[in-house]
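Engineer: With the sequence up front, the predicted model follows.
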Amino acid sequence: MIGRLNHIAIAVPDLAAAAARYAGPLGARVGVPQDLPEHGVTVIFVDLPNTRVELLHPLGAGSPIAGFLQRNPNGGIHHVCYEVDDIHAARDRLAGEGARILGDGTPRIGAHGKPVLFLHPGDFDGTLIELEQA
């Protein structure tokens, strides 16, 4: 059911410094910051030959990333995103197998302008999973 690895998301306490590390010492192509108020984050995508890294920073005090950074002040891997051909069919299949879909189960538009859903980390070996419509 899951397809290509779309990105690995890393929560960072300093977005500009993290972007500079990827662009400088690592020599990666780094995008521009994007505010996503509906998700409570500012993101920067780092393009790699085979996938992307998403640098996440809180956008406002109510951001879920703010809580993550309180527990992990140096930042860290937040989630892994996989593409699916049909996000509604994937949701229904996963829910039917007992997986917990976060939120109300309705896909929301993500950073790439495509529908996304998140799956509870307790159902996937402690890893928060994002599914994105391919």
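Structural biologist: Happy to help now that I have it. Numbers count the residues shown, from 1 in each chain.

Engineer: all contacts plus neighbour counts: C-alpha atoms, from now on.
Structural biologist: Fine.

Engineer: Just the strands from this structure, written as ranges.
Structural biologist: For the chain, applying DSSP state E gives strands covering 2-11, 29-30, 34-36, 41-47, 52-58, 76-84, 108-109, 115-119, 128-133.

Engineer: Partner strands of the last one and their direction?
Structural biologist: Right, the one you point to is strand 128-133. With DSSP bridges as the test, strand 128-133 is paired with strand 76-84 (parallel), strand 115-119 (antiparallel).

Engineer: Taking their axis directions, it and strand 2-11 sit at what angle?
Structural biologist: 130 degrees (axes from the mean of the first three to the mean of the last three CA atoms, to 10 degrees).

Engineer: Go ahead and name everything in contact with strand 128-133.
Structural biologist: Identification of contacts with strand 128-133 by CA atoms under 8 Å, 6 or more residues apart in numbering yields 6, 78-87, 110, 114-121.

Engineer: Dump that strand to CSV, restricted to CA.
Structural biologist: The C-alpha coordinates for strand 128-133 follow below in CSV (Å, rounded to 0.1, in the frame of the first residue of the first chain):
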residue,chain,number,x,y,z
LEU,A,128,4.6,9.1,13.7
ILE,A,129,3.6,8.3,10.1
GLU,A,130,2.4,10.8,7.6
LEU,A,131,0.6,9.6,4.5
GLU,A,132,0.5,11.9,1.5
GLN,A,133,-1.6,11.4,-1.7
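
Engineer: Mind listing what's buried along that strand?
Structural biologist: Buried residues in strand 128-133, counted by 16 or more other CA atoms under 10 Å: Leu128, Ile129, Glu130, Leu131, Glu132, Gln133.

Engineer: related to what we said a few turns ago, of the strands paired with strand 128-133, which stretch is the most buried?
Structural biologist: When these are scored by mean count of other CA atoms under 10 Å, the highest mean neighbour count falls to strand 115-119 (a mean of 22).

Engineer: and that one, how far out from the chain's middle?
Structural biologist: Distance of strand 115-119 from its chain centroid, counting by CA atoms, centre = their mean, to the nearest Å, is 9 Å.

Engineer: Show me what it is in contact with.
Structural biologist: Applying CA under 8 Å, 6+ apart, the set of residues contacting strand 115-119 is 87, 91, 99-103, 105-110, 128-133.
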